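Asker: Kindly return the folded structure for what I paste below:
(chains A and B)
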Amino acid sequence: MSIDTDTARKVAHLARIAVKEDDLPALAGELSAVLAFMEQLNEVDVEGVEPMTSVTPMRLKRRADVVTDGNMVDKILSNAPDAREGFFAVPKVVE
Amino acid sequence: MSELNKLTIAAARDALRKGEVTSVELTEACLAAIDGAGALNAFVHKTPEIARERAKAADERLKADEEAPAMCGIPVGIKDLFCTKGVPSQAASNILKGFRPEYESTVSQQLADAGAVMLGKLNMDEFAMGSSNETSCYGNAVNPWRRGNDVAQLTPGGSSGGSAAAVAAALCLAATGTDTGGSIRQPAAFTGITGIKPTYGRCSRWGIVAFASSLDQAGPMTKDVRDAAIMLGAMCGHDPKDSTSADLPVPDFEAALTGDIRGKKIGIPREYRMDGMPEEIEKLWADGTAMMKDAGAEIVDISLPHTKYALPAYYVVAPAEASSNLARYDGVRYGHRAKLSQGDGITEMYEKTRAEGFGHEVQRRVMIGTYVLSAGFYDAYYNRARKVRALIKRDFENVFAEGIDAILTPATPSAAFGLGEMADSDPIAMYLNDVFTVTVNLAGLPGVAVPTGLDRQGLPLGLQLIGRPWEEGDLLNHAYVLERAAGFVSKPAKWW
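Answerer: Numbering: from 1, shown residues only, chains lettered A, B, ... in the order given. Sure, this is the predicted structure:
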């Protein structure tokens, strides 16, 4: 399956990565090359094979449903590009 | 004692206990070596204050406690992928520029608790995506090895390229690495050192910047197999903060190094004999096989029929997981945020931030991952890749069920290549570096790379041993036998 410019634009948007219009054809070419490489997987007979969900057979551990930490607003915000009054600040989301 | 930075962990441990050396002296020797090795660009954030403080504390602990852990007082480097409290941890990405975690990764905390001394953070490929350390926001790390008298700069491999260069150049006694498709073993092979990726779940992933969560594992990169056994013991163990971390006791890996593999069955997988494999790699592999046989092991031809599909399966599964993991870099909570124009909303903020912050290879993989997970393609790509992954794992289970104890393969398809030499190749050519290592991640198995020879140009080459799940001790014992038989003692001549 090869990826055209429109699909590349759509994928870039889904990935939330801005790509200049001029760069889309090259991107489409690169993505197509990688996907062509993956096409080999179609040669494999996977009839009746369950997709792997966990590489080691293990049951995920459960922990007690208790509060183990919290009250560290300063620490959580310490790396924020823009923090105000105890919150992360972002551009207006709702008009 | 001269050139303390060149000691192994085991030698330093013994010298510390005899009072022949102090951790402060070891640490100063490493700090001086690091300062003199700017040309290698291995250490990208130095932490001399932390190192000196921890070295002093280690010396006091060694005086007070005869039972101090083996890693106590040992100066090590930490890959930039590990979050280290208060110290820049940016996975070699501009999107995490300025990020100083408020917490410490479990593995680096365990090393610190054992008394190890952190010298600084090590260069790597951005988000561990790469096989040559050329995708790093810090610039290339450089291999201390050269092709004879040729001054061309070579890659130390990747993604743990800085760790490999630092250990090979004796800037530290050992370093941490991480391995998602070969990122410990390939750079170890390119630089003539030892590197082990343990069984998936051995080391906690908590606090390690995530690339592909079902494949990522941390491991040690060291000067020899004994050091790998010592350091691995300090790094692994159950961690309630990582739900995939195994609640199993950690054996004494060093005690497993008996040097006796008589009667063990070593599998030689025929699918790893690739068309066009360089003669030198063929010979290295044949020599290694002969060494195992001479040590009393039985050599068995085995088949791992789905080997060919490991790379394409990996390049579906890993980018899919990466696209999900890297969704967190949105310019809100940490790291870089793009400057916005008038009228830009939150979507523009995400898109501009991620376009500026992620390098080219990371962008490509995130988009591939996005595509294979998107509606209409999920079954065709992602689910199919997960099924093939199950078959690859089954291949290994079958040979282990037939009594194979370890599998011997080349570690890489070539010796270290020149920085920039792959610039014009398509991405697939770079991905082929991991052709012998990636199966191991897909199957969750332990794998170790051991240097066993030099190529015609004087560059190190390594072999890989693959073991049964949770049997790193036995695996390291096989590696120890191979190491002793190969007698690899070459070191790069200092030019930096």
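Asker: Now do B:Ser2, the pLDDT please.
Answerer: pLDDT recorded at B:Ser2 is 67.
Asker: contact partners of stretch B:361-371?
Answerer: Contact with stretch B:361-371 is made by A:3, A:7-8, A:11-12, A:14-15, A:17, A:27, A:30-31, A:34-35, B:93, B:125-127, B:129-130, B:135, B:315, B:318-324, B:326, B:354-355, B:358, B:377, B:381, B:427, as judged by C-beta atoms under 8 Å, 6 or more residues apart in numbering or on different chains. Backbone N, C-alpha and C define where each C-beta goes, glycine included.
Asker: List the residue ranges of the chain that fall below the pLDDT cut-off.
Answerer: Using chain A. Applying pLDDT under 70 to chain A flags the ranges A:1, A:95.
Asker: actually chain B
Answerer: Using pLDDT under 70, chain B drops low at B:1-2.
Asker: per-domain residue ranges of it.
Answerer: Domains of chain B are assigned by automatic domain parsing as B:4-262+B:414-486, B:266-307+B:386-401, B:308-383.
Asker: could those go into a markdown table alongside mean neighbour count?
Answerer: Shown next, in a markdown table, are these (neighbours: other C-beta atoms under 10 Å in any protein chain shown):
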| stretch | mean neighbour count |
| --- | --- |
| domain B:4-262+B:414-486 | 23 |
| domain B:266-307+B:386-401 | 17 |
| domain B:308-383 | 20 |
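Asker: can I get those in JSON lines with distance to B:Lys494?
Answerer: Output for the domains of chain B, formatted as JSON lines (distance: least, C-beta to C-beta, whole Å):
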{"stretch": "domain B:4-262+B:414-486", "distance to B:Lys494": "8"}
{"stretch": "domain B:266-307+B:386-401", "distance to B:Lys494": "25"}
{"stretch": "domain B:308-383", "distance to B:Lys494": "31"}
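Asker: For A:Asp45, find the nearest of the ones you listed.
Answerer: Closest to A:Asp45 of the domains of chain B is domain B:266-307+B:386-401 (C-beta to C-beta; 8.9 Å).
Asker: rewinding a little: which one of the domains of chain B lies closest to A:Val46?
Answerer: Of the domains of chain B, the one closest to A:Val46 (C-beta to C-beta) turns out to be domain B:266-307+B:386-401, at 4.0 Å.
Asker: does any part of the closest one sit near chain A?
Answerer: Yes: applying C-beta under 8 Å from any C-beta of the partner chain, one finds domain B:266-307+B:386-401 in contact with chain A at B:306, B:386-391, B:393.
Asker: Show the end-to-end separation of that domain, please.
Answerer: 13 Å (C-alpha to C-alpha, to the nearest Å).
Asker: That domain: how far from the chain's middle?
Answerer: With C-alpha atoms, centre = their mean, to the nearest Å as the basis, domain B:266-307+B:386-401 stands 21 Å off its chain's centre.
Asker: just the strands in chain B please.
Answerer: Using DSSP state E, the strands of chain B run over B:43-46, B:75-79, B:117-122, B:174-179, B:194-197, B:217-222, B:265-269, B:298-302, B:406-410, B:447-454, B:460-467.
Asker: Tell me which other helices or strands the fourth one touches.
Answerer: It stands for strand B:174-179. strand B:75-79, helix B:106-113, helix B:161-168, helix B:185-191, strand B:194-197, strand B:217-222, helix B:225-235 (3 or more C-beta pairs under 8 Å, 6 or more residues apart in numbering or on different chains; DSSP states H and E).
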